[in-house]
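K.L.:
what's the 3D shape of this:
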Amino acid sequence: MTKHRSHSAAFKRQVAEEFIANERLHALSKRHDISRQLIRIWVGKFEAGALEI
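P.N.:
Residues are numbered from 1 along each chain as shown. Model (predicted):
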């Protein structure tokens with residue numbers, strides 16, 4: 001069974017900002033050891049303003 005990890009809002013914003021700054025999705029996924037789909041979710045929330053402190 002997979003262990004669920006919890007990430008801070010600051011970390012989610014950082015990853016979303018890296019993606020928006022033209023970082024490749026696959027590279028981000030490998031570097032941070034998180035799924036590409038999760039990054040897409042965080043980017044959508046970031047763009048909607050839902051990842052505020």
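K.L.:
Hmm, residue 16 is touching residue 48, no?
P.N.:
No: Residue 16 is beyond contact range of residue 48, at 10.7 Å (criterion: Cβ atoms under 8 Å). From N, CA and C alone the C-beta is placed, and that goes for glycine too.
K.L.:
who's more crowded, those two?
P.N.:
residue 16 (21 against 8; other Cβ atoms under 10 Å).
K.L.:
Which of the helices or strands spans the spatially most central residue of the chain?
P.N.:
For the chain, residue 39 is the residue whose C-alpha lies nearest the centre (Cα atoms, centre = their mean; 3.6 Å). Assigned by DSSP states H and E, residue 39 belongs to helix 36-47.
K.L.:
buried set for that helix?
P.N.:
39, 42-43, 45-46 (16 or more other Cβ atoms under 10 Å).
K.L.:
now swap in stretch 24-40 and tell me
P.N.:
For stretch 24-40, by 16+ other Cβ under 10 Å, it's 28-29, 34, 39.
K.L.:
Let me know the pLDDT of the residue nearest to the centre of the chain.
P.N.:
Looking at residue 39, its pLDDT reads 96.
K.L.:
I figured it hits residue 29, correct?
P.N.:
Yes: the criterion here is Cβ under 8 Å, and residue 39 meets it with residue 29 at 6.3 Å.
K.L.:
Format the buried residues of stretch 24-40 as JSON lines; extra columns: distance to residue 20 and secondary structure.
P.N.:
Shown next, in JSON lines, are the buried residues of stretch 24-40 (distance: Cβ to Cβ, whole Å; DSSP: H, G, I helix; E, B strand; the rest coil):
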{"residue": "28", "distance to residue 20": "11", "secondary structure": "helix"}
{"residue": "29", "distance to residue 20": "15", "secondary structure": "helix"}
{"residue": "34", "distance to residue 20": "16", "secondary structure": "coil"}
{"residue": "39", "distance to residue 20": "11", "secondary structure": "helix"}
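K.L.:
and which of the residues you listed is nearest residue 11?
P.N.:
residue 34 (9.5 Å; Cβ to Cβ).
K.L.:
Can you give me the separation between the closest one and residue 51?
P.N.:
15 Å (Cβ to Cβ, to the nearest Å).
K.L.:
just for the protein, where's the confidence low?
P.N.:
1-2, 53 (pLDDT under 70).
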